[in-house]
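Colleague: With the sequence up front, the predicted model follows.
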Amino acid sequence: MSHHPSPVLLGRRRFLEVAAAFGAVLAVPLDAAIARRGEVAESELTDWIFIDQAGTVTLGLCQPEVGQGSYTVLPSILAEELDADWPAVAVRWVMGRDAYKIQFRNEKPSQKEGASTSTTKLYARLRTAGAAARIMLVSAAATRWGVPPGQCETRDGWVHNRVTGEKLAYGTLAPDAAKLPVPSDPPLKDRSAFRLIGKSLPRRDTAAKTNGSAIFGLDVTLPDMLNAAIRIAPAIGGWLVAVRNEAEVLKQPGVRHILKLDDAVIAVADRYWQAQRAIDLLDVVFSAGENGHLSTALIDNLAEAGLEAEIGVPALSQGDALKIIGQHPDRVIESRFSVPHLAHAAMEPMNATVHVQKDRVDVWGSIQSTDATVTAVAKICGMHEDQVHLHVGFLGGSFGGKIVPAFVAQAARAAKALGRPVKLIRTREMDIQHDHFRPNNKGRLRAVLDAEGYPLAVHARVCGQSLFATTRPNWLTKTPLGDYDESMVDGLYQQTYAIPNFHVDVIQTPLPIPVYFMRSVGSSAGVLFWESFITDLAHHAGIDQYAYRRHLLRNYPAGLRVLDAAAQAAGWDRPAGPDIARGIAFNTYFGRGGSFVSECAEVVELKRVGDRWKVARVVCAMDAGLVVNHNTFNAQIQGGIGFALTSALKSEITFRDGAAEQSNFVDYPLLSIAEMPEIVPVIVESDRPPQGAGEIMVAPLAPAISQALLHATGRRPDRMPFRAEWFQARA
Amino acid sequence: MSVTFSLNGKPVTFDGPDDVPLLWAVREHFGLTGSKFGCGIGMCGACTMHLDGEAVRTCVMAVGHVRGRAVTTIEGLPTDETNPVHQAWNELDVPQCGYCQSGMIMATTSLLARNPNPTDQDIDQAITNLCRCATYIRIRAAIHAAARRA
Ligand code: FES
Ligand code: FES
């Protein structure tokens, strides 16, 4: 077990150097305590637990706090097994070690946050680390007392001698404990002994987030720092042709530098407002490049053509679906659906602060992926990756949008040119218009029903831009008929409904549009298609929507339990009343690469208010395994449904002349408090370890709304966002 | 080219053009970063401060407009039991990412000063700030809780 590099008191400056060299760079203080602790020597117990002589237990956090609660939930898992004094622990950002990396599918392990995996992938690892450190502390105490370890017990940061009643603080024992080998397979607590896990702990960051002291990327301030604003070529793949009035703009007060990139111009000034003013003043000529013809009409036409193609690449082929459907043209029921590109629009616009020095680069900012950022910055600055030091503070939301480090790269270029720390802030317009978007998709679903009205054969065809082909070609699944992107058929190709003959196929329409993952990505389209189609089939068969889904789930008790829980909590059996219309939807969410399985069912209630139907209440039942923290889990349900409702009612990125047409909350509006429904969370208890939670509630919402609209108005929306007129109540 | 005003109870002087947005004057020149930049066009409320006690969106307010007047930011609000809004926000653990919350608290404080016991409809009308994390349920509950505490 390695010690802290230098077990003597280090000056702060020296500590920073040492800490940096060992990858334990201090964050922009996530916790005010950290700055003070830098002065005190620490003992390191595992990669995660650092205890100083003053007794402060500092827990390592490798997953950025984007709002999901990682800053509270992950350290609480360590603290549980460590028997630390939870209210007194400190938390700090850690990076650079293998222990902090997680693996997505076949990718090489890296440090990043995403795909609802923070708790899923780290739960066992953190418990093991906490338990191992606890055993080391117990051994150290037992040695001091000359008693067997079995005579010791731990509580709230102390080891107690059961016989003599003596006790020793973790801080006192840590230097000895750190010299002991780390047990590799320590016994873990029984669930019944948990004091933190499975409870409802308050968030650690609420005080800082309510008094203005929380430091987000936007708030990073460094000595000697300059500020930058950017204008990016509007068209995708467009480039910078000329800056006509550079000399004049450089004369403006505070303006230091105009940096021309291939596809953008950056103004650097003493203050951000001066930089932004310079950008506004600049007379810039951009070329639309090769995509000037790109428009939403073209994108739609391509996708529609794909829906008509003779064959697609099969993602699932079970039974004889195509044959049965071909044999019964008169019995085929068909529906079509469409979803647009979407922007993440986190409340904090993308920003980063970079300082390039001779032998190191420091990066601060609103950054969701650690390793990808380090790689990108190292390349730009011509440094080794271990010379790049990332300091992650709080993120003002991300939803997948701040994983792609394009904005950090822009800041790095400016910082490299200036030789001083530079903070680059994208305006909201730049943030939305130059996002990496959630891809578009269209679906065509066909079915032949059996004599009872249930699907005998289904053919689902999905066509749109492929996320994987654009961002991760090695994630494509190979078949004899070509490659397909499973994320395009999330919610379809892995089925928990009993469909005897089922064919799912995919057609990719290559587009130059930058795309990326966004909270529940593929499911937010696939589950809309699938559950809306099930709605149509049940409607056609004249069978109750809940009963229809129960029948389809008959072979999958885990899902049935959750569906029943939602229906029961919503009072599905009772008549809804004249001014209420209900819809129900279900989804089994399979984590990417089989990382988890979560179940979710939602019942939406529309309420007639005047001449409009309003989404008034959502019952959301979830089985996401053990709930580590009910407080943050509940917040995720509320927030996830609000996020899904925004997409269902409002969000759409369209393209014209090669550029995204939306750029701010005027044309890319967000849900308001007045539109937020009441939410009834129903946690279905489970023996399983924690499964993905943060994205699971998103997908079923839109199809549940669309079914409720069918009941309310006789029309079922077939594209997202649902237009306002679809909520018009009939007189 | 200078504007004197009161910032969280202390006189300050901004040396610069009158038309600089108050938000950036406060963030960059006076180092108070609790007020956030979300849209720059007055739509989201992340930049909300109080001007003579009234909530205003400062990304679209020229600093010259506040000459001689009193500006309060999130940092200027008390965080002890004398501030029921802050207490309620903490008790209900409202923030997720937290980025919008300074603005939400400023807007709520101003609402409660005008209307100590707002109905849900009053809240719908008065709180037009945006929260991408959709913490609205807890925000509404916290507004009611703060009204009860006051
Ligand atoms: S930043 Fe001022 S209203 Fe959005
Ligand atoms: S808490 Fe994240 S935007 Fe409101």
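Modeller: Now that the structure is in, tell me what you want to look at. Ligands and ions are numbered 1, 2, ... in the order given.

Colleague: is ligand 2 contacted by stretch A:53-66?
Modeller: No: taking C-beta under 6 Å from any ligand atom as the criterion, stretch A:53-66 and ligand 2 are apart, separated by no less than 8.8 Å. C-beta: built from backbone N, CA, C; applies to glycine.

Colleague: residues contacting the closest residue to chain B within the stretch 1-150 of chain A?
Modeller: Nearest residue of the stretch 1-150 of chain A to chain B: residue A:67, at 3.1 Å (C-beta to the nearest C-beta). Applying C-beta atoms under 8 Å, 6 or more residues apart in numbering or on different chains, we find residue A:67 in contact with A:395, A:396, A:397, A:398, A:639, B:95, B:96, B:97, B:98, B:133.

Colleague: Is it in a helix, a strand, or coil?
Modeller: Secondary structure for residue A:67, judged by DSSP: H, G, I helix; E, B strand; the rest coil, is coil.

Colleague: From ligand 2, how far off is residue A:656?
Modeller: 29 Å (C-beta to the nearest ligand atom, to the nearest Å).

Colleague: What of residue B:95?
Modeller: For residue B:95 relative to ligand 2 (C-beta to the nearest ligand atom), the value is 5 Å.

Colleague: for the residue nearest the centre of chain B, helix, strand, or coil?
Modeller: A centroid search over chain B (C-alpha atoms, centre = their mean) returns residue B:106, at 2.9 Å, as the residue closest to the centre. For residue B:106, the assignment made with three-state DSSP gives helix.

Colleague: do the same with residue B:46
Modeller: Assignment for residue B:46 (three-state DSSP): coil.

Colleague: which residues does the closest residue in space to it that isn't next to it in sequence contact?
Modeller: Excluding its sequence neighbours, the residue lying closest to residue B:46 (C-beta to C-beta, 6 or more residues apart in numbering or on different chains) is residue B:38, at 3.3 Å. Residues in contact with residue B:38 (C-beta under 8 Å, 6+ apart) are A:347-349, A:428, B:44-47, B:59, B:99-100, B:103, B:130.

Colleague: okay, the residues you listed in a markdown table with neighbour count and distance to ligand 2 next?
Modeller: A markdown table is the format used below for the contacts of residue B:38 (neighbours: other C-beta atoms under 10 Å in any protein chain shown; distance: C-beta to the nearest ligand atom, whole Å):
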| residue | neighbour count | distance to ligand 2 |
| --- | --- | --- |
| A:347 | 29 | 4 |
| A:348 | 30 | 8 |
| A:349 | 27 | 12 |
| A:428 | 24 | 13 |
| B:44 | 27 | 9 |
| B:45 | 24 | 10 |
| B:46 | 30 | 8 |
| B:47 | 29 | 13 |
| B:59 | 23 | 16 |
| B:99 | 30 | 5 |
| B:100 | 29 | 3 |
| B:103 | 28 | 9 |
| B:130 | 25 | 7 |
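
Colleague: and those residues near ligand 1, which?
Modeller: Of the contacts of residue B:38, the ones that also sit near ligand 1 (C-beta under 6 Å from any ligand atom) are B:44, B:45, B:46, B:47, B:59.

Colleague: Which pair of these spans the longest distance?
Modeller: Using C-beta to C-beta, the ones next to ligand 1 among the contacts of residue B:38 span at most 9.5 Å, a distance reached by B:45 and B:59.

Colleague: Quick one: name the residues of chain B near ligand 1.
Modeller: B:37, B:38, B:39, B:40, B:42, B:43, B:44, B:45, B:46, B:47, B:57, B:59.

Colleague: OK, contacts around the fifth one?
Modeller: Residue B:42 is in contact with B:57, B:59, B:60, counting by C-beta under 8 Å, 6+ apart.

Colleague: Give me the three-state assignment for residue A:585.
Modeller: strand.

Colleague: Show me what it is bridged to.
Modeller: Counting by DSSP bridges, residue A:585 is bridged to residue A:602.

Colleague: same question, the one 5 residues further on
Modeller: Note on residue A:590: beta-bridge partners by DSSP bridges are residue A:597.

Colleague: Report the separation between it and residue B:44.
Modeller: As judged by C-beta to C-beta, to the nearest Å, residue A:590 and residue B:44 stand 35 Å apart.

Colleague: Looking at the contacts of residue A:67, which gets the smallest pLDDT?
Modeller: Within the set of these, pLDDT is lowest for residue A:398 (86).

Colleague: give the contact list for that one.
Modeller: Counting by C-beta under 8 Å, 6+ apart, residue A:398 has contacts A:64, A:66, A:67, A:344, A:346, A:366, A:368, B:97.

Colleague: and residue A:274, that's in a strand?
Modeller: No: Residue A:274 is assigned helix when assessed by three-state DSSP, not a strand.

Colleague: Quick check: nearest residue in space to it, chain neighbours excluded?
Modeller: Spatial nearest neighbour of residue A:274, excluding adjacent residues (C-beta to C-beta, 6+ apart): residue A:254 at 3.7 Å.
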